[in-house]
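S.K.: make a model of this:
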Amino acid sequence: MTVGAILTFPVAAQANPSISGSTSGPDGLIWMPNYGANSVVGFDPDTLDKVKEIPSVGDHPLVIKMLPDQSRMFVGNFGPLSWNVSVIDMKTESVISRIPTLGPAYAVSILSHDGRYLFVPTGASVVHVIDTQSLQIVRTLPIALPPAPAHLELSPDDSTMYAFSTAGTITKYDAVTGAPLAPPLFLGGFVPGWGAVSADGNTIYAVNFFSGLTTIDARSWTVRKVLPMELTDGPLSATLSPDGKELWLCNYFGKEIIVIDTETGEPNRTIPTENTPVYVGFSAEGDKTYVSSVDGTSGVLGNVPELPFLHDAVDAYGLLNAYAAAPLNLDTVLTAYDTDTFTEIDSTTLKGALVAGVYPG
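M.R.: Presented below is the predicted three-dimensional model:
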């Protein structure tokens, strides 16, 4: 079970322009998957006007990554009707390939720092490694300690892969052979969201939808701190600011963004949001914050396994399903804020469910 399985989206934590695959270039657009409409949408970063849309990219596109030269964009499609990663040629802005996956491409995809390989976890508890030049799967790494990878991170040198399981653990693997390098650590929560890794690779941030934020020391392989949160908060994603001094955490059910000081690990401000926040991205300078959010009645269920206690837990929130955001005619919003004051600069609303994208930088 992933956040993508419980929610209509889960969680890649990679909207920071300094992270591989999350920037569209100095003069690029904001590109975002519209999970509720099966398209990828381009927005003018200054006005937030929708200026482009690539339709029919896949079945419920959830995560996108762009190559460092901005030549191709890779789209992870959650399914369930088809299991694949779509490849978009940015010159023609069209889908040029659909790479089949063993099971649905779940909640995240991670691009290596040189842009050569895309790591894609799937619902079959494997990680496909895709060569971004040949568009072939060159390795399939089984994840069994424990199974069900819902989120991934890579070390800065791309030698180590961190797999976050739905059971609430993180395990360290060799990114080439898939061999476990250390025993799993329990994170103090369950169902991973989009987390993050510091630029030096020494600190890993794990988001637990149930419930809280866990900080891990990658060098000593120990849990440094657990910041507990209420079960009703639903932390979904965390994004490091470009300078790495703050971690912006979206509380999905709490309708708020918590800004955490990375030096102390403590919140320094809490920002209420009108809609349900999904993800935070930044401009390259960090002076603008882009928040994607959904209708407050959307966002639950998707492909929840037929386990009564899971359905009961989710149904208790009485929410509808952004998985069907388009036929339900639900709104989704992209808002730009001043990072320091969180004063709204611009906002745009369309139908569907915007998730995490790539941003100018």
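S.K.: alpha carbons only for contacts and neighbour counts from here, please
M.R.: Fine.
S.K.: tell me the contacts of Ala199?
M.R.: Contact analysis of Ala199 by CA atoms under 8 Å, 6 or more residues apart in numbering lists 156, 244.
S.K.: element containing it, please.
M.R.: Under the criterion DSSP states H and E, no helix or strand holds Ala199.
S.K.: one more: Asp27?
M.R.: When elements are assigned from DSSP H and E, Asp27 belongs to no helix and no strand.
S.K.: how many neighbours does the residue lying closest to it once chain neighbours are set aside have?
M.R.: Computed as CA to CA, 6 or more residues apart in numbering, the closest residue to Asp27 that is not its neighbour in sequence is Pro360, at 6.3 Å. Residues lying near Pro360 (other CA atoms under 10 Å) number 22.
S.K.: from Phe43, how far off is Pro360?
M.R.: 10 Å (CA to CA, to the nearest Å).
S.K.: ok, Pro61 - contacts?
M.R.: For Pro61, the contact set (CA under 8 Å, 6+ apart) comprises 33-35, 38-40, 75-79.
S.K.: quick check on it: phi, psi?
M.R.: Phi and psi for Pro61, reported as degrees, to the nearest 10, are phi -60, psi 130.
S.K.: ok, the residue nearest to Asp27 - contacts?
M.R.: 17, 23-30, 45, 283-284.
S.K.: what about 10 Å?
M.R.: Each residue near Pro360 by CA atoms under 10 Å, 6 or more residues apart in numbering is listed here: 16-17, 22-31, 44-45, 281-285.
S.K.: name the nearest residue to Val75, sequence neighbours excluded.
M.R.: Closest residue in space to Val75, ignoring its immediate chain neighbours: Ile64 at 4.5 Å, by CA to CA, 6+ apart.
S.K.: meant to ask about Gln70
M.R.: Going by CA to CA, 6+ apart, Gln70 has Ser24 as its nearest residue, at 6.1 Å.
S.K.: tell me who's in contact with that neighbour.
M.R.: 17, 30-31, 65-71, 73, 357-361 are the contacts of Ser24 under CA under 10 Å, 6+ apart.
S.K.: likewise for Arg219?
M.R.: When contacts are counted by CA under 10 Å, 6+ apart, Arg219 is found next to 201-203.
S.K.: and which of these is nearest to Thr270?
M.R.: Nearest to Thr270 out of the contacts of Arg219 is Thr203 (CA to CA; 22.6 Å).
S.K.: just the pLDDT for the closest residue to the closest one other than its chain neighbours.
M.R.: With CA to CA, 6+ apart as the criterion, Thr203 has its nearest non-adjacent residue at 5.1 Å, and that residue is Asp217. On pLDDT, Asp217 comes in at 98.
S.K.: next, count neighbours for Asp217.
M.R.: Asp217: 15 surrounding residues under other CA under 10 Å.
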